[in-house]
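Trainee: Any chance you could fold what I've pasted below:
(chains A and B)
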Amino acid sequence: MFASEFERQQARRQFIMHGLHGAGTVALAGLLGRDGASAVESSSTQQQLAEQGAAPAIVNPLAPRVSHFAPRAKNLIYIYLEGGPSQMDLYDPKPILNKLDGQPLPEELWKNVQFAFLQKESARLMGTSRTFQKYGQCGMDLSDLLPHLSTCADDIALVRSMRSDQFNHVPGQLLMNCGSALAGRPSIGSWLCYGLGSESENLPAFVTMVTVGRGVPGGSASWSSGFLPSVYSGVIFGNGEDAVQNLANPRGINRTLQRATISAVNDLNQKRLEAVGDPELASRISAYELAFRMQTAAPDLVDLSSESQATLDLYGIEREEPKIASNLGGTGLFGPFARNCLMARRMVERGVRVVNVIHASWDHHSSLEPQLKHNCLMADQPIAALLKDLKQRGLLDETLVICGSEFGRTPLGENRSGSAKVTGRDHHPFSFSLWMAGGGVKGGQVIGETDEVGWGVVRDEVHVHDLHATVLHLFGIDHTRLTYRFQGRDFRLTDVHGNVVKALLA
Amino acid sequence: MIRHALVMAVWFHFLALAGDRLSDGSRATAAEPGVDYVRQVLPILSRNCFTCHGPDESSRVSDLRLDRFVADALGDDGEPASDDEVDAFHAAIVAGDPDSSELIARITSDDVSVRMPPAETERGLTQQEIETLRRWIEQGAKYEEHWALVPPRLVDPPEVRDAAWPRNEIDRFVLAELERRDIAPSPEADRVTLIRRLSFDLRGLPPTIEEVDQYLADRRPGAYDRLVDRMLASPQLGERLGKHWLDLARYADSDGYLGDPLRPDAYVYRDWVIGSINRDQPIDEFTVEQLAGDLLPDATLEQKIATGFHRNVMKNTEAGADREEDRVNRTVNYVSTTGTVWLGLTVGCAECHSHKYDPISIDEFYGLYAFFNNVEDVNLPLPDSQTLVSTTAKVATPSGDPGKPSAEPGKGDPKTEPPSLKAPTIGELAASKRRVTRVHPRGDFRNPGKEVTPATPAVFHSLRTRGDQPDRLDLANWLIDPENPLTHRVTVNHLWKQLFGRGLVNTPENFGTTGDPPSHPELLDWLALRMVDQQWSRKAMVRLIVQSATYRQASRVRPELRQIDAHNVLLARQSRPRLEAEVVRDAALAVSGLLNTAIGGPSIRPPMDLRVTSYSRNKDWPVSPGAEKYRRGLYVLLRRNTLYSMLVTFDAPDTSVSCTARERSNSPLQALTLLNDPVFHECAQHLARRLSAAGTERPRYWIADGFRHCLAREPDDHELDRLVELYLTQRDQFADLDDVEVDALIGQRLEGIDPRDQAARLIVARTLINLHEFITRE
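Mentor: Predicted coordinates:
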């Protein structure tokens, strides 16, 4: 039938691409070029399939696409420290809070505020035993728990005026990661991949690596594609030899045999797609193609043998972990977290569009001092190493790095009923800190300011929606024009909100 | 700004749109339509206004309440109303006169400082919603109860134009909605599709070739009905429908939390569920026994075993955990799970505050809590496992079941089989140890509030008590009381969802005001009443549904309906759900001939990548010996912290809470599982052996045979050509392969066939079990 295996493969590829059409045009139609909210004229996969009968275009749902305007960032590394790290112990020095330690908070501040565990009537302000110093030419104040990140002060933009609406973890995570506290929405990474496609033919466009500590309360919703086609979902990577489960073929199945199987599977699925019009078949075809390519690319990706000892040391992959009695964020994770940071760089090098590095948990309702310190020991060096490594390889300019969480913590000590001592802080969505670097962000600056006890934002509030608008902007996307029609309506990551934070742009 | 608000409101309401659109559409042609409070007004008020002007006293910000009508110092809920509330209400809503109603003035104001909802709530009304409220006031501002709280009304099935299509009453309800929109239903699916559909839906297994042939050969009238009867009599029915129930029951084989200790006896309850469904225990009895079997007069062993339902809750046994806190958490879970499973209400919201959208106050939550507050765990010694299974899961073995139709109980894993079985059940504390129940304001049990006694929420029918003090048995009887407006509706909705992939109410866990309204409200009510009429027979209801023309439609996607009904709410075709996780496994084991159809017994451990368990404290995963490891997916050990990864990849629930609807994802990891997971590879090897036994002469013959094994239907020429091409190409390539490689590939050589030929057939076999159609119920 075919003169050579090569020709057969070519023919097959054409065949597959036709098959991908269903899922593919979704993205294109929903995207760039046309204006405003009417960008999507026909959006759902079903709609596209119906029209494909006549003259199917060849479209891959993950093909790279041109953005609205020139992008500053090509890749995103999103480090998510789940649970709400304490901003006044890490990023936002509050000398007056220290002076007021043990004082009640004025009632007007807490009267209508909700807490998870804190008894607000009897709660007292809690200072910090951390010490802050100025770092970099910019003179950024950072805590002694961040000795490594401090050396990157001139590269990072620290936002001290973040604001969320959500008080509890799961809705907070959904808002922070998907733009809405309601479940079922696409995550930031999914929107970016939908908007821009993948730069990698062999790896997922969007990878999630979770360092297993306490577990992520919101679960996979934080990297889910929501109502977007599932090809835009984050794919979980481990950092062992067999990075993704079942990545290795069964004994006796070599690469050629695997290819032959998948080709036959997809040809037959394509045939069925034509017969029954079910868009899930198009997704299945694309899932098999990606699975096959991942089988080669992933083992190479996780093989760190080509990395120099200097690089391994920079990330601290072989560090000893100090002993701690118990830790909410887990123990034995110094190596895995550092590896995940290094893997993030390797993924970006290979064109993975979005890498989500997650660690849980920083939810320090109690034992904040020892556990925050332990978590920082784990995270500070590898994160700083990632910034330095990206920079020295010339990747930082086009890689946006974000380090954040769903909210911060209260300046009040958490006097949870039933707990003997006050050793932690409760959730605090009204003001918290987050930093960004690279990818068109103007480093060496602090954005916004909180009041003297760190309760509320007093200058340049950056709402979660504003952050999302800014992230899309850095990728060359107008957040009001990246839409997807679902249930009769054009949806966006920022809903009807969001202002690009101009001060963050380089 | 208006546009802003408009988009905003749609945003918050998108979940309800599908249902709303149906009702709006149906009214579009009527002259001067009457506004339906329950379906059109209440959702607007509930989502935009009730947080501050609703039932929750703690978040109410003014005297005005919009959730109830008030007059003469009384609300329509029978509760007193202050003068201030009455004044505020009648200023806000002047019946018949929207222009004098403050409500209309406030929602249409240009002044941001007075406009409702306030800007900071990020809510807003669309022009259409404002118009709906205006017309509602114009027409008299009539308050009615939320549809789900009004008992169902028996409506005659509507007349339809195409009187030939309906096979039973269900179809007239469905067809009437379709005809209203000039949509024709899909043609009936072909017979092969029908048997495969029924087989997956009722047994969770593909039909065998023999079963397909038997059905195709039956040309007498009533062949389909006879097929349905065979399926309903199959012991696999209990496994299939039982698994749905076990999702609701948050069944697992371990405690969860830090150490995740195993519950080696948990399966006793699982087997009870299977047995109950197989003997078609009426659902009302099924309900009462699970909630209060121990309180029945002269309770039998089985009735007590049924109370294992609430023993499935997660339990924190970690050293240092607050035992009382954990007990309170579990008790709260009893209430919220009971609410979700039987009432379809998110009563759990009222644990910490009065419900913001539905009429359940915090006091009423603790009234329900009081029914469970004196529950204690009772581990009931059982005779021995053999006897147990025979009393619970034993069923008649009909002919024509797939695989080897043996109803013998599984042997289980000797490592987990306890020396003596103790059924996890619940009982009531002795009189001397009984606890007083108090409200936990804001959900904090350490600051108890006022004392409450067992009581059901006031909005419902009254509770009938047998003794002085209401107890769990009274509560269970209250749930199945014919006056209860929810239990039967919620129950038939679950059954419907299992057979159509989507409920008539698309939020099976939430029939409250923030849930979706039913797509076919009259059909839902009709089914609910019919079920009661049929003595709550599960099999009768399933039979009725699968006999409908609606169920029997083809599932081909209809491009012309994409704009009108992208989610197939109108049921103009069948759905095409991917098989559930356990069924994906079962299908592969079945077509390979490996499936062990033993019913019941201790849970098993198939081979699994140990990386999954390495994250946990209990890393031990001894693979079950012999044929035990080939048992059905629902018998795989569910250890909460380290769930069997194949099941997770295919969206099995995490068992932490009651699961009313599984996700259905489609990912490269699923592809890698079907291609590479050792269990699936072994299935492919065995399927290849089945196909090798047919001889080598005519590839078209054995390939078509394999195709039918896997998909029930015959391949068309193109499909057959492609598979033959695959086979021939691979056979040629294997000529160069050395013996070691070939043997590794095929696992075990068969007599009478060249091992390279066998290897080429393996490639065909694994292709078949990787087809999308193989894991799809069409």
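
Trainee: where in the chain is pLDDT low?
Mentor: Chain wasn't specified; assuming chain A. Filtered on pLDDT under 70, chain A yields the residue ranges A:1-60, A:114, A:116, A:182-184, A:214-220, A:230, A:239-242, A:418, A:486-489.

Trainee: wait, chain B
Mentor: B:1-33, B:122, B:257-259, B:318-322, B:348-357, B:384-419, B:611-619, B:694-697.

Trainee: which residues in it form strands?
Mentor: B:70-71, B:74-75, B:375-381, B:422-428, B:437-438, B:451-452 (DSSP state E).

Trainee: right, and those strands - which one's nearest chain A?
Mentor: Taking C-beta to the nearest C-beta, strand B:437-438 is the member of the strands of chain B nearest to chain A, at 14.7 Å. Heads up, the C-betas are built off the backbone N, CA and C, glycines and all.

Trainee: what's the helix or strand encompassing A:L175 packed up against?
Mentor: Using DSSP states H and E, A:L175 maps to helix A:169-178. In this structure, helix A:169-178 makes packing contacts with strand A:75-82, judged by 3 or more C-beta pairs under 8 Å, 6 or more residues apart in numbering or on different chains; DSSP states H and E.

Trainee: how about the nearest residue to A:L125 once chain neighbours are set aside, what does it touch?
Mentor: Take A:L125 and drop its neighbours on the chain: the residue closest to it by C-beta to C-beta, 6 or more residues apart in numbering or on different chains is A:L100, 4.8 Å away. By C-beta atoms under 8 Å, 6 or more residues apart in numbering or on different chains, A:L100 lies in contact with A:125, A:127, A:453.

Trainee: roughly how far apart are the last one and A:D141?
Mentor: Applying C-beta to C-beta, to the nearest Å, the value for A:V453 to A:D141 is 16 Å.

Trainee: ok, now the second one?
Mentor: A:G127 sits 15 Å away from A:D141, going by C-beta to C-beta.

Trainee: Show me which of the two is the more surrounded one.
Mentor: Each of A:G127 and A:D141 has its neighbours counted (other C-beta atoms under 10 Å in any protein chain shown); A:G127 has more, 20 against 16.

Trainee: Run a quick neighbour tally on the residue nearest to B:V61 when sequence neighbours are not counted.
Mentor: Leaving aside its chain neighbours, B:V61 sits nearest to B:C52 (4.4 Å; criterion: C-beta to C-beta, 6+ apart). Around B:C52 there are 19 other residues, counting by other C-beta under 10 Å.

Trainee: Pretty sure B:C52 sits against B:D63.
Mentor: No: taking contacts as C-beta atoms under 8 Å, B:C52 lies outside contact range of B:D63: 11.4 Å.

Trainee: residues touching A:G443, list them.
Mentor: Counting by C-beta under 8 Å, 6+ apart, A:G443 touches A:138, A:154-157, A:437, A:506.

Trainee: Count the residues that sit near the residue in the stretch 551-700 of chain B positioned nearest to chain A.
Mentor: Nearest to chain A, among the residues of the stretch 551-700 of chain B, is B:P559, at 3.0 Å (C-beta to the nearest C-beta). Per other C-beta under 10 Å, the neighbour tally for B:P559 reads 16.

Trainee: Likewise for B:E324?
Mentor: B:E324: 11 neighbours (other C-beta under 10 Å).

Trainee: would you list every one of the helices in the stretch 351-500 of chain B?
Mentor: B:362-372, B:385-392, B:472-479, B:487-500 (DSSP state H, counting those that start in this stretch).

Trainee: CSV for those helices, including distance to chain A?
Mentor: Below are those laid out as CSV (distance: least, C-beta to the nearest C-beta, whole Å):
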stretch, distance to chain A
helix B:362-372, 15
helix B:385-392, 34
helix B:472-479, 28
helix B:487-500, 16
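
Trainee: now those in JSON lines, with distance to B:Q685?
Mentor: Output for the helices of the stretch 351-500 of chain B, formatted as JSON lines (distance: least, C-beta to C-beta, whole Å):
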{"stretch": "helix B:362-372", "distance to B:Q685": "50"}
{"stretch": "helix B:385-392", "distance to B:Q685": "31"}
{"stretch": "helix B:472-479", "distance to B:Q685": "50"}
{"stretch": "helix B:487-500", "distance to B:Q685": "33"}
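
Trainee: Having no further points to raise, I will conclude here.
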